[in-house]
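1. Sequence isn't available, so here's the structure alone:
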């Protein structure tokens, strides 16, 4: 699929150069999507339509500038990131249309179910966390009488504690490249409390969300296209994008949809051997738990098998554990891979393990704060020195994000003034998410030709759609993937934005989409209705 | 020099593996620096000494783990970043020593003059900026009566304005990949006000400080080691590090120390031709204005020559303009390259130009907030789409940093409640920096064998030291660069941390160091005294 899209993109770039005026004009006046539209208008970079700076003759006008698609880094050209891909651009254009012509559609808003971005859909931040952040931003008010009336006592106390942890009490200074030591102490304590095993603040690298940490590990491990990284399929496209940007090879292992997206060791072994036989040196295994986009939570025994596999095959275990707080079913529990490996008796020098965590997910959902960390264990001092150097080149992650990462790993405790309200906020969010997951899951499963595994964790549903042959042919005629065709039609008819399964990769010949469970609960019934009506209409239109 | 250091590093890695126990023990008990110490102790990764997790047999213990220096990405191994290099690690160890044994030295604190990090040395943040950030972090207090007493009226008003600019008023949501559109509107207006030419919010990419923006452009432009980037020597090591990490070739052009670090077009031409003759395809020219580490401010006529050179040679002009607010001499003024090129009559499609800006520098010095942007002009829609995709893979930069970037480009205006106090804070910082620059420059020029150009702008002095032959020989015996030898001795004797010139590269056979002008003004006399005494002693010890 990736190759397909890249090839289409390249062909159309050439075509665009020849015929850009026509394409742009055609597109700016046509509906977002119609099955009769021409090939070329499908892949036009829609983001640049309808902006003042673009005119039809633009492409040729830039002939005097030095950078062209033919002269940029081909790794950039080949990289894909569907979560913010074309479907989002189409949605933004549609949003603009609704703004300019209210009432032009049967819906009046765009519902962004494409991305795990809770606060964009109305989730409120946790009060205690924001109180502490505000006080750290403006410490001049810490000693003022009015502050007592505006902020909880424990948020003031926590802000003072944090200031004591920051050299010179300077929240406006670059920190240590790994993050402020005192905050890393707090995070290490939080990990210890979670796992029941020691954590070392020197193992923690605070980062601007989890993404830069993932890039850092890919940059460390990938030397050439002969280095492979085992990634689940379906996967969160950060991994494929990062591997492509760093010039490595994604070695896929398929999760088994039939067993609730099970992770089979036999599949890992087969794919590892297949890669080896092609001369690929596999360096690491990516595991996303709870799963993204698939929402499954691994069992402890499965995790033990994975740890043993990595140990035996000398693979770095890259554990994406950013959804560790998002578990919605009573029969599943989150276990960190570090805890699992320590429970198995493996120590620091037995297994190389990186755990990624982020403030963007969990019940807090503070995506805009760009806080996160990776905990690295099982790397020699020499290699750690190299990771430290990579962190140093970017100086440090943002301090508000660092503070927030320490807060989510050390929230208010029983007895603290904020505890009750904090717990109520947290519980309300998590229990509502569990209800929303269940409602949407049931709604999807009731649709003709749709099956959807349960969302045990994370923030997504990843239903499979059996598309009628006619729909597949229509997609082909429109030069797009069948699930992208479905997603565009869904957007055009309902304003609901989902990501086509092809953006995450999937078993060839199967079609899915990823839909978040994040719209506020009072909107869920309307979403179910709109989705159900659309799906019926779509199936009626294309039924074989 | 880079090759020298890299080779030393590789040799000593081997040596370390053979003899790690001895080296570590030797180092953990010895003084920070003595001319009699053995080769091996010089390059040991000092950061890992004196930490609980390291023991002498560590290196061999990790033999069971998969990642070694021999199997990591060699680009990472070759990358260097002196600003946070060994000298800082030595300083951190010394700081720990002072904490554990107060009074063990003739000084009682470490003065970090290695890095442009104003608030770490006591500079206070601008009140208005922090008020707005705090209110944006905790909007629940915006309507409360107590808030009126704690915050200025215009900070409250500005926070309301910003909330209106943020979709869903959600400061906790991921934004558009380029940053919140409303904030980009504000920044574009700020650029227009600065330059007198239009700026388009769609040209702005908000980033976590300027560093990720620099990486993004290097990633876009560099395909292989056959792609070259023209960089000033001396340069800020982010550029060499980023070029190395992305596998390109740094094509050096030397600034002329004799003419106040002048940038000669003839030198650019010579180096470009020399690179071409080696088969290097030069893609871009980096210009740092005001200069880092050199502190010079380019004249407008010089900038015009540079623009013409880039246009003629089809080079992307990468303009590091992060010190645009830091000008200390009445006869110099900052002109953005965009303004200069527009004044010359060149429009959007005539020259490819990227301007980097950061909230870390200026009079605000908000390094920890990691805010910044790049303004890209002169790139075709197709190429811009690729840049947008790269930005999307990391989702967005942190929102507090985005807000702060909008604030520094749109500070309080005459008539606003905060204007007077804001202006007083700004003026106090900038005029003090100018005085500090002058005092330190004079002190350095009074030292035997030291010449120092004036700091017209930025935050640094970059004096040249004529080192006695005996000192150079001692450095050679200690297996280190002569200026690194000087910097270590300075640290050991005074607690002052400077970066050896070799970290920035320099004309071979010349020696420098970079020293910030950032210690608070009341500390400057003591620094001058300590530096002067040390230098005398050093010269007496090594005088030929």
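-> Yep, it's here. From a predicted model like this one, the values you see are computed outputs, not experimental measurements.
2. gap between the residue nearest the centre of chain A and residue A:514?
-> In chain A, the centroid-proximal residue (CA atoms, centre = their mean) is residue A:236; its distance is 5.9 Å. The gap separating residue A:236 from residue A:514 is 9 Å, by CB to CB, to the nearest Å. Glycine gets a C-beta too; all of them are placed from N, C-alpha and C.
3. Now do the shared contacts for the two.
-> Shared contacts of residue A:236 and residue A:514, defined by CB atoms under 8 Å, 6 or more residues apart in numbering or on different chains, are found at A:293, A:504.
4. contacting residues around the residue of the stretch 201-350 of chain A found nearest chain B?
-> Closest residue of the stretch 201-350 of chain A to chain B, CB to the nearest CB: residue A:314 (4.0 Å). With contact set as CB under 8 Å, 6+ apart, residue A:314 has these partners: B:65, B:66.
5. Would you mind naming what in the stretch 351-500 of chain A lies close to chain B?
-> Selection of the stretch 351-500 of chain A residues close to chain B by CB under 8 Å from any CB of the partner chain yields A:351-352, A:360, A:365-370, A:378-386, A:388-390, A:392-401.
6. These in helices, which ones?
-> A:381-386, A:388-390, A:392-393, A:399-401 (DSSP state H).
7. Let me have the residues you listed in TSV, extended by neighbour count and pLDDT.
-> Shown next, in TSV, are these (neighbours: other CB atoms under 10 Å in any protein chain shown; pLDDT from 0 to 100):
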residue	neighbour count	pLDDT
A:381	21	95
A:382	22	94
A:383	22	96
A:384	22	95
A:385	18	93
A:386	20	95
A:388	21	94
A:389	20	93
A:390	22	94
A:392	21	91
A:393	24	91
A:399	32	97
A:400	29	97
A:401	32	98
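8. Which pair in the residues you listed has the greatest spatial separation?
-> Pairwise distances across those peak at 32.8 Å for A:382 and A:400 (criterion: CB to CB).
9. Run through the strands of chain A in chain order.
-> Ranges of strands in chain A, per DSSP state E, are A:111-112, A:204-207, A:227-233, A:249-254, A:281-288, A:316-320, A:353-358, A:372-377, A:450-451, A:460-461, A:464-465, A:496-497, A:499-500, A:511-516.
10. Format the ones you listed as JSON lines; extra columns: distance to residue B:544, mean neighbour count and mean pLDDT.
-> JSON lines is the format used below for the strands of chain A (distance: least, CB to CB, whole Å; neighbours: other CB atoms under 10 Å in any protein chain shown; pLDDT from 0 to 100):
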{"stretch": "strand A:111-112", "distance to residue B:544": "71", "mean neighbour count": "24", "mean pLDDT": "90"}
{"stretch": "strand A:204-207", "distance to residue B:544": "47", "mean neighbour count": "28", "mean pLDDT": "98"}
{"stretch": "strand A:227-233", "distance to residue B:544": "52", "mean neighbour count": "24", "mean pLDDT": "97"}
{"stretch": "strand A:249-254", "distance to residue B:544": "58", "mean neighbour count": "21", "mean pLDDT": "96"}
{"stretch": "strand A:281-288", "distance to residue B:544": "53", "mean neighbour count": "24", "mean pLDDT": "98"}
{"stretch": "strand A:316-320", "distance to residue B:544": "53", "mean neighbour count": "27", "mean pLDDT": "98"}
{"stretch": "strand A:353-358", "distance to residue B:544": "53", "mean neighbour count": "27", "mean pLDDT": "98"}
{"stretch": "strand A:372-377", "distance to residue B:544": "49", "mean neighbour count": "26", "mean pLDDT": "98"}
{"stretch": "strand A:450-451", "distance to residue B:544": "84", "mean neighbour count": "16", "mean pLDDT": "96"}
{"stretch": "strand A:460-461", "distance to residue B:544": "72", "mean neighbour count": "28", "mean pLDDT": "95"}
{"stretch": "strand A:464-465", "distance to residue B:544": "81", "mean neighbour count": "22", "mean pLDDT": "96"}
{"stretch": "strand A:496-497", "distance to residue B:544": "74", "mean neighbour count": "22", "mean pLDDT": "95"}
{"stretch": "strand A:499-500", "distance to residue B:544": "70", "mean neighbour count": "28", "mean pLDDT": "93"}
{"stretch": "strand A:511-516", "distance to residue B:544": "72", "mean neighbour count": "28", "mean pLDDT": "95"}
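11. how about a markdown table for those, with distance to residue B:229 added?
-> Supplementary listing: these in a markdown table, determined by distance: least, CB to CB, whole Å:
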| stretch | distance to residue B:229 |
| --- | --- |
| strand A:111-112 | 38 |
| strand A:204-207 | 26 |
| strand A:227-233 | 25 |
| strand A:249-254 | 27 |
| strand A:281-288 | 29 |
| strand A:316-320 | 31 |
| strand A:353-358 | 31 |
| strand A:372-377 | 29 |
| strand A:450-451 | 51 |
| strand A:460-461 | 41 |
| strand A:464-465 | 47 |
| strand A:496-497 | 39 |
| strand A:499-500 | 36 |
| strand A:511-516 | 39 |
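12. if we compare these, which one ends up closest to residue B:95?
-> strand A:204-207 (20.3 Å).
13. tell me the contacts of residue A:149?
-> Counting by CB under 8 Å, 6+ apart, residue A:149 makes contact with B:144, B:146.
14. measure residue A:278 to residue A:272 for me?
-> 11 Å.
15. who's more crowded, these two?
-> Taking neighbours as other CB atoms under 10 Å in any protein chain shown, residue A:278 and residue A:272 compare with residue A:272 leading, 20 against 11.
16. Would you confirm that the more buried one contacts residue A:266?
-> No. Residue A:272 is beyond contact range of residue A:266, at 10.7 Å (criterion: CB atoms under 8 Å).
17. interface residues of the stretch 201-350 of chain A facing chain B?
-> Of all the residues in the stretch 201-350 of chain A, those in contact range of chain B (CB under 8 Å from any CB) are A:202, A:208-209, A:211-212, A:215, A:219-223, A:238, A:241-242, A:245-246, A:283, A:314-316, A:348-350.
18. Any quick ChimeraX command for the buried ones out of the residues you listed?
-> Only the buried entries of those go into this ChimeraX selection, using 16 or more other CB atoms under 10 Å in any protein chain shown:
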select /A:202,208,209,211,212,215,219,220,221,222,223,238,241,242,245,246,283,315,316,348,349,350
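19. Stretch A:495-512 spans what distance, first to last residue?
-> One end of stretch A:495-512 sits 18 Å from the other (CA to CA, to the nearest Å).
20. So what's the gap between it and the chain middle?
-> Here stretch A:495-512 shows a centroid-to-chain-centroid distance of 15 Å under the convention CA atoms, centre = their mean, to the nearest Å.
21. what does stretch A:206-217 give?
-> Centroid separation for stretch A:206-217 versus its chain: 12 Å, with CA atoms, centre = their mean.
22. Likewise for stretch A:525-537?
-> That offset, for stretch A:525-537, works out to 26 Å (CA atoms, centre = their mean).
23. what does stretch A:373-384 give?
-> With CA atoms, centre = their mean as the basis, stretch A:373-384 stands 24 Å off its chain's centre.
24. Equivalent analysis for stretch A:218-230, please.
-> Offset of stretch A:218-230 from its chain centre (CA atoms, centre = their mean): 21 Å.
25. got it, and stretch A:98-105?
-> 31 Å.
26. Let me see the residues that make contact with that stretch.
-> Residues outside stretch A:98-105 that contact it (CB under 8 Å, 6+ apart): A:94, A:97, A:108, A:109, A:110, A:495.
27. The fifth one is in contact with residue A:91, isn't it?
-> Yes. Under the contact definition of CB under 8 Å, residue A:110 touches residue A:91, with a separation of 5.2 Å.
28. okay, and the common contacts of the two?
-> The contact sets of residue A:110 and residue A:91 overlap at A:491, A:495, A:497 (CB under 8 Å, 6+ apart).
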